[in-house]
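Chemist: dropping the sequence and predicted coords here.
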Amino acid sequence: MFATTLTVVTLMVVIRMYRYLSELYSLFSRLNIKGPKPTWVFGNILEFNGKDPLQVFTDWKLKYGKVLGWFEGFKPCININDPEMAKEILIRKFDCFSIRSTYRPFKYYPDDLDLMNTYGEHWRKQRAVFSKSFTPTTLNQMLERVYRTSSDCINALMRDIEVNSHDMNLTEYAEVFHVETICRAMLEMDDKSLLQHRDLILDAARQSNRSASAENELAGLAKTYPGLTPLLRHFDTKNKESHHRIVKAEVNKQKTSVLCHLLTANVLEVDSSNNMKKRHLTRDETMAHLYAILVEAFATGKALIEFLTYELAMHTDIQENVRREIYKTLGDKENPTYEDLHSLKYLDMVINETLRIHPIAPGVQRTCSEDCVIDGIQFKKGFIVRIMTCTIYNDPKIYPDPEKFIPERFSEERRSDRHPFAFLPFGHGPRICPGYKFTMAETKIFVIKLLRKFRVDISSQTEIPLKTALRPGLCPKNEVHVKLTSLH
Ligand code: HEM
């Protein structure tokens with residue numbers, strides 16, 4: 001009797017599973033959305049084995065067009081390879097796509113409260129507070145502290161070039177420059193606190209990005225099968241430990257900029273009697289924002305400096321144009337203001353071209369929160385939607401000779417000929433990266449200081465072409481080496 005019941009139950013489970021899976025994996029053909037054929041349980045993830053994921057996305061675009069559907073394990077995903085559709089999703093239909101799907105599978109409290117991971121009313125209120133940390137006035141105050149850090153970095157390079165026969169491992173300096181910039185400029189840490197906390201912060205940022213890296217099989221498994229995350233997170237030990245260390249660390253609460261703003265800002269809320277009341281951010285909300293700044297800003301900003309310096313070394317004529325613009329626009333002014341930095345138009349173009357060729361954020365991700373139709377395509381609640389900036393950037397119809405480094409593509413004239421959503425290095429719409437003005441300013445300061453002191457060339461150790469990895473943003477896979485020669 002028991003054996004018969006067991007057989008019947010097993011059979012029913014198998015039939016249900018079969019029905020569920022055949023319905024799931026035929027979803028896109030029923031919706032008339034083209035895409036690679038999925039295999040059961042794995043979906044299309046096996047196609048990434050041993051390949052560059054961005055190349056796989058490009059190949060799919062060439063084969064299936066501007067919108068395609070595929071499966072990450074059991075999760076239905078749609079890739080958007082078209083600027084107009086990107087605009088619909090990020091702006092016009094924002095209410096259906098306001099949720100960001102996570103790309104850091106292992107999160108620890110209070111990360112759930114940061115901007116990356118929240119949505120709805122909570123996100124809207126926190127975002128309003130966070131954005132106010134980056135007004136022109138606060139940016140100018142922060143930049144003063146970036147100058148100090150960049151001067152320290154350039155002095156260290158000056159000191160070390162003799163020892164290293166001019167071949168420099170730029171990655172080491174970019175990492176330290178970047179973490180010190182965040183600590184000094186955004187958290188207004190003094191030298192003593194910096195000495196005390198720098199390594200802790202550096203370790204937390206490294207571990208968080210390592211944990212979410214495409215090279216980490218544990219993260220891959222958790223992203224593909226989110227149901228396994230509670231089990232898998234037990235193995236994410238280094239990231240968890242460094243996260244807890246930093247969340248518990250006491251930060252200087254008296255004199256800080258972004259931190260000070262977050263500590264004193266108010267959010268408006270409706271209380272139980274339906275009255276509006278103001279309240280400060282909780283300690284955990286503040287900590288969540290600070291942690292997000294550290295890990296988001298760290299890897300992206302460091303990668304931008306590495307990619308940019310590599311391109312300047314590869315194209316010394318462009319480097320010379322940038323140097324000329326710096327002297328022509330700023331003269332000998334050591335510490336230009338935020339507005340001065342804005343007038344370096346050619347440098348802007350060089351940075352933008354760097355972000356096009358090396359898309360640090362190769363996609364902008366959303367989860368569809370309600371069924372909707374765009375351009376005849378049916379988006380169902382729960383779909384993961386990725387706007388594939390990388391496939392738009394290497395489309396020869398949008399960017400002719402896409403493999404060539406041509407800053408002039410970003411002149412105002414040439415930009416106005418293109419779709420405004422053909423370039424989205426920091427996303428777009430209400431969820432656009434709140435740190436982009438700071439990043440652009442910080443990167444420009446680094447370049448100004450670097451090019452005033454050194455000529456940058458490739459060295460015998462420069463990897464050409466540069467190999468890249470997704471950790472979780474696009475970054476150089478190995479250390480970036482360049483040759484520096486003092487100009488004085
Ligand atoms: C090269 C540097 C950077 C790149 C390429 C970059 C890129 C991006 C992108 C593509 C998004 C998603 C936007 C969207 O969904 O529409 C984003 C969001 C975000 N970024 Fe950045 N970012 C950079 C630097 C920074 C810095 C310096 C900070 C720190 C202040 C930061 C903090 C954030 C936060 C908190 C969000 C979430 C915003 C929200 O959902 O409301 N990022 N970033």
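Modeler: Nice, thanks for sending it over.
Chemist: grab the longest helix from the chain for me.
Modeler: As assigned by DSSP state H, the longest helix anywhere in the chain is helix 283-314.
Chemist: after that helix, which helix or strand is next? Please name it.
Modeler: The helix or strand immediately downstream of helix 283-314 is helix 316-330, counting by DSSP states H and E.
Chemist: outside of the helix or strand that that following helix is followed by itself, list whatever touches it.
Modeler: Counting by DSSP H and E, the element after helix 316-330 in chain order, helix or strand, is helix 338-342. Outside helix 338-342, the residues that touch it by C-beta atoms under 8 Å, 6 or more residues apart in numbering are P136, L139, N140, L143, T329, L330, K333, M440, A441, K444, I445. Any C-beta I mention is one placed from the backbone N, CA and C, and that applies to glycine too.
Chemist: over to stretch 315-335?
Modeler: Taking C-beta under 8 Å, 6+ apart as the rule, stretch 315-335 contacts 143-144, 147, 311-313, 336, 340, 343-347, 350, 405, 407, 447-448, 451-452, 455-457.
Chemist: put the alpha carbons of that stretch into CSV.
Modeler: What follows is stretch 315-335 as a C-alpha-only set of coordinates in CSV (Å, rounded to 0.1, in the frame of the first residue of the first chain):
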residue,chain,number,x,y,z
HIS,A,315,47.1,56.8,-27.8
THR,A,316,49.8,59.3,-27.0
ASP,A,317,48.4,61.8,-29.6
ILE,A,318,45.1,61.9,-27.7
GLN,A,319,47.1,62.2,-24.4
GLU,A,320,48.9,65.2,-25.8
ASN,A,321,45.6,66.8,-26.8
VAL,A,322,44.3,66.3,-23.3
ARG,A,323,47.4,67.8,-21.8
ARG,A,324,47.2,70.8,-24.1
GLU,A,325,43.5,71.4,-23.1
ILE,A,326,44.4,71.2,-19.4
TYR,A,327,47.1,73.9,-19.8
LYS,A,328,45.0,76.0,-22.1
THR,A,329,41.9,75.9,-19.9
LEU,A,330,43.3,75.9,-16.5
GLY,A,331,46.8,77.4,-16.9
ASP,A,332,48.8,76.7,-13.8
LYS,A,333,45.7,76.6,-11.5
GLU,A,334,46.5,73.7,-9.2
ASN,A,335,43.1,73.0,-7.7
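Chemist: now, which of the contacts of stretch 315-335 lie within helices?
Modeler: Per DSSP H, the contacts of stretch 315-335 map to helices at 143-144, 147, 311-313, 340, 345-347, 350, 447-448, 451-452.
Chemist: among these, which one has the lowest pLDDT?
Modeler: Ranked by pLDDT, these bottom out at E144 (86).
Chemist: so who does that one touch?
Modeler: N335.
Chemist: repeat that for the one 5 residues further on.
Modeler: When contacts are counted by C-beta under 8 Å, 6+ apart, T149 touches F177, E180, T181, R184, A185.
Chemist: now those residues: which count as buried?
Modeler: Neighbour-count burial (16 or more other C-beta atoms under 10 Å) applied to the contacts of T149 gives F177, E180, T181, R184, A185.
Chemist: including secondary structure and distance to the ligand, could these go into CSV?
Modeler: Shown next, in CSV, are those (DSSP: H, G, I helix; E, B strand; the rest coil; distance: C-beta to the nearest ligand atom, whole Å):
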residue, secondary structure, distance to the ligand
F177, helix, 13
E180, helix, 14
T181, helix, 9
R184, helix, 14
A185, helix, 10
